[in-house]
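Peer 1: here is a sequence together with a model predicted from it:
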Amino acid sequence: PSKSTKDMELKSLKKKYKSKGFAAGCSREVIERGAEQLGWELQKLLTMTLQAMADCEDEIEAELDAEA
């Protein structure tokens with residue numbers, strides 16, 4: 001599978017989110033509390049985050065390439 005956030009579907013992210021090995025350094029409790037503080041369901045937070053990551057992926061890759 002592609003490593004691009006542009007190719008990731010919400011369904012896949014939700015499945016991976018349940019795995020302790022996925023984003024192991026991130027606290028699920030903090031993520032869920034953040035969604036709650038925003039008044040959003042977890043699914044909305046994941047959707048918005050995935051979209052934001054996809055929207056800026058090209059810019060981040062260009063910056064990383066320029067540094068190399």
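Peer 2: Sure thing, it's come through.
Peer 1: mind showing which ranges of the protein have poor pLDDT?
Peer 2: 1 (pLDDT under 70).
Peer 1: for Arg28, give its distance to Thr5.
Peer 2: Using CB to CB, to the nearest Å, one obtains 19 Å as the distance from Arg28 to Thr5. C-beta coordinates here come from the backbone N, C-alpha and C atoms, glycine included.
Peer 1: actually, Gly34.
Peer 2: Gly34 is 19 Å from Thr5, by CB to CB.
Peer 1: more neighbours, those two?
Peer 2: Thr5 (17 against 14; other CB atoms under 10 Å).
Peer 1: isn't that one up against Thr49?
Peer 2: No. Taking contacts as CB atoms under 8 Å, Thr5 lies outside contact range of Thr49: 9.3 Å.
Peer 1: centroid-nearest residue for this structure?
Peer 2: Centroid check for the chain by CA atoms, centre = their mean gives Leu50 as the closest residue, at 4.6 Å.
Peer 1: does it count as helix, strand or coil?
Peer 2: Classification of Leu50 by DSSP: H, G, I helix; E, B strand; the rest coil places it in helix.
Peer 1: mind listing what it touches?
Peer 2: Thr5, Met8, Leu10, Leu13 (CB atoms under 8 Å, 6 or more residues apart in numbering).
Peer 1: mind checking the SS state of Gly25?
Peer 2: coil.
Peer 1: quick one, phi psi at it?
Peer 2: phi -80, psi 0 (degrees, to the nearest 10).
Peer 1: kindly report the same for Ser12.
Peer 2: Torsion angles, degrees, to the nearest 10, at Ser12: phi -70, psi -40.
Peer 1: any idea which of the contacts of Leu50 is closest to Glu61?
Peer 2: Nearest to Glu61 among the contacts of Leu50 is Thr5, at 10.7 Å by CB to CB.
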